[in-house]
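1. Generate coordinates for the sequence data below:
(chains A, B, C and D)
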4 protein chains.
Amino acid sequence: MVQEKTTDRDNALFEAGIKLGALYHQFTGSPVNLDTASSLEQAIQESISVQPYVEEISVKIDRNLLKSKLNNEFGYSELQGPMLKVNITVGYGSSKVRVGMEYDPKLNYPLMKILEIEEINV
Amino acid sequence: MVQEKTTDRDNALFEAGIKLGALYHQFTGSPVNLDTASSLEQAIQESISVQPYVEEISVKIDRNLLKSKLNNEFGYSELQGPMLKVNITVGYGSSKVRVGMEYDPKLNYPLMKILEIEEINV
Amino acid sequence: MVQEKTTDRDNALFEAGIKLGALYHQFTGSPVNLDTASSLEQAIQESISVQPYVEEISVKIDRNLLKSKLNNEFGYSELQGPMLKVNITVGYGSSKVRVGMEYDPKLNYPLMKILEIEEINV
Amino acid sequence: MVQEKTTDRDNALFEAGIKLGALYHQFTGSPVNLDTASSLEQAIQESISVQPYVEEISVKIDRNLLKSKLNNEFGYSELQGPMLKVNITVGYGSSKVRVGMEYDPKLNYPLMKILEIEEINV
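-> Numbering: from 1, shown residues only, chains lettered A, B, ... in the order given. Okay, here's the model as predicted:
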């Protein structure tokens, strides 16, 4: 085993993971319907954007999936992981990473993944 | 001990309590700063408004208290209970109740309380 | 319309609602599998029991429903509202109320309801 | 700018960040006092341990800080970020990372950081 020094790239990926985990567990469970989905998207975006190292964030709630969950007595649902499509760009020193979350039907799981890693040559 | 039948008034108060408990534990912890407080207020209002029996809701985040919590390295805070001032009106059958939540400095506690109970004579 | 004075019974029901709303929105979303369900039940019970006016609380996670949700790639689920069966007894002055939450398949909804109201004759 | 391929190390750090963000935003806000802190620690540990790639986890709630927050009318507090001391080991392919969270008094912030990165030579 070799112990390694921490790089900007390591920190960028670690920070990007923190943001996705935070977003998911802070906001899933929020009551939502088709009329209120856009204010919730907006608030989630702005909320997570104030955390350290976030450069860009986009949050979309899948309206079709939401619609399919409104079939209870009271006509609303909760924000569920599979409804979320999220993209976040994190910058840390010389490293910039883009990560995302999106429901993966094959895994039956709202999968978070690394989409892009860029090293800025200085 | 006497067992009692459940009235509209009972249900209105029970439902009003549910909304305040839900709001508090869903949204406290959300990252927030002075620029994003209003989108968070808006989203909380709209989110809780879709729950059953909610007739009116107003959510305010105390900007002065928020400002006083921005003194960390990264210039943002989390939504904390004492920052919230909430008013909710719930209607259930012949009963309408108004409840609220507001920080009580004497108790050092974000106190939820019943503000008004009205019975509609039919 | 007639404005009413707030009674112990009103407050007991309001407080009972707060506890159910809090429990639901604090703990749903927690990662859970069959091995960890009992520590989560225990923690939820103890956590909500420290809130004001709670006299008794029982929290059960439906193992069959949980098992049916473990079919993703990673073999765990999140605590979802329909998995929860909760009973809470709240005492406030001369009033004691028992409330509960349980999935109602007809409504397709984790329904919270008032189960019992007792007035202690003094 | 140079686009990079994703390595096991990248994924290990990303996954480790997800766990810390999830833990923080799922469980802060939970009502807690000195009697219930240990069941909450236990449940948090077990809950996060079921998530993918977690090899070890330890969660401690700072009893002194908790005690200092019990000075409200009702003798309990909520789990707050600065009370948490967490260590998580994540393994992903040939990479193993240890990350942690602990209140940093100089930053006045519950800082999450990378503690150790190991590459297993195969």
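
2. Quick one: name the residues of chain A near chain B.
-> A:22, A:26-27, A:29-33, A:35-36, A:39-40, A:42-44, A:46-52, A:74-76 (C-beta under 8 Å from any C-beta of the partner chain). Every residue, glycine included, has its C-beta placed from N, CA and C.

3. so residue A:101 bridges to which residues?
-> When bridges are called by DSSP bridges, residue A:101 pairs up with residue A:86, residue A:112.

4. these two touch, right, it and residue A:24?
-> Yes - between residue A:101 and residue A:24 there is a contact at 7.1 Å, judged by C-beta atoms under 8 Å.

5. shared neighbours, those two?
-> Taking C-beta atoms under 8 Å, 6 or more residues apart in numbering or on different chains as the contact rule, residue A:101 and residue A:24 both touch A:81, A:84, A:110, A:112.

6. Up against chain C, what does chain A have?
-> Selection of chain A residues close to chain C by C-beta under 8 Å from any C-beta yields A:24-25, A:28-29, A:71-74, A:78, A:81, A:107-109.

7. and the closest residue to chain B within chain A, what is it in contact with?
-> Nearest residue of chain A to chain B, counting by C-beta to the nearest C-beta: residue A:43, 3.3 Å away. The contact partners of residue A:43, by C-beta under 8 Å, 6+ apart, come to B:30, B:36, B:39-40, B:42-44.

8. try residue A:85
-> With C-beta under 8 Å, 6+ apart, residue A:85 has these contacts: A:59-62, A:100-103.

9. just those now: which is nearest chain D?
-> For these, the residue nearest chain D by C-beta to the nearest C-beta is residue A:101; the value is 9.5 Å.

10. pLDDT weak spots in chain A?
-> Judged by pLDDT under 70, chain A has its weakly predicted residues at A:1, A:122.

11. how about 80 then?
-> Low-confidence segments of chain A (pLDDT under 80): A:1-3, A:72, A:121-122.

12. separation between residue A:76 and residue B:113?
-> Separation of residue A:76 from residue B:113 (C-beta to C-beta, to the nearest Å): 26 Å.

13. Just the angle for the longest helix that chain A contains relative to helix B:8-27, thanks.
-> Longest helix of chain A, by residue count under DSSP state H: helix A:8-27. Angle of helix A:8-27 versus helix B:8-27, following axes from the mean of the first three to the mean of the last three C-alpha atoms, to 10 degrees, is 180 degrees.

14. Do a quick rundown of the strands in chain A.
-> Using DSSP state E, the strands of chain A run over A:2-3, A:31-32, A:54-61, A:77-78, A:84-92, A:95-104, A:109-119.

15. Sheet-wise, list the partners of the third one with their directions.
-> I take that to be strand A:54-61. Take DSSP bridges as the rule and strand A:54-61 pairs in its sheet with strand A:84-92 (antiparallel).

16. list the buried ones in the strand it pairs with?
-> By neighbour count with 16 or more other C-beta atoms under 10 Å in any protein chain shown, strand A:84-92 contains the buried residues A:84-92.

17. For residue A:96, name its beta-bridge partners.
-> Beta-bridge pairing of residue A:96 under DSSP bridges involves residue A:91, residue A:118.

18. I'd guessed it sits against residue A:118; true?
-> Yes - counting by C-beta under 8 Å, residue A:96 touches residue A:118, with 4.6 Å between them.

19. Compare neighbour counts for those two and give me the winner.
-> The neighbour comparison of residue A:96 against residue A:118 (other C-beta atoms under 10 Å in any protein chain shown) goes to residue A:96, with 22 against 18.

20. Deepest-packed of the strands of chain A, please.
-> Highest mean neighbour count among the strands of chain A (mean count of other C-beta atoms under 10 Å in any protein chain shown): strand A:31-32, with a mean of 26.

21. Can you name every helix or strand that that one contacts?
-> In this structure, strand A:31-32 packs against strand A:77-78, helix B:37-49, with contacts taken as 3 or more C-beta pairs under 8 Å, 6 or more residues apart in numbering or on different chains; DSSP states H and E.

22. swap the cut-off to 10 Å and go again
-> The contact analysis (3 or more C-beta pairs under 10 Å, 6 or more residues apart in numbering or on different chains; DSSP states H and E) places strand A:31-32 against helix A:37-49, strand A:77-78, helix B:8-27, helix B:37-49.

23. Deepest-packed of these, please.
-> helix B:8-27 (a mean of 26).

24. roughly how far is that one from the heart of the chain?
-> Here helix B:8-27 is found 8 Å from its chain centre; the criterion is C-alpha atoms, centre = their mean, to the nearest Å.
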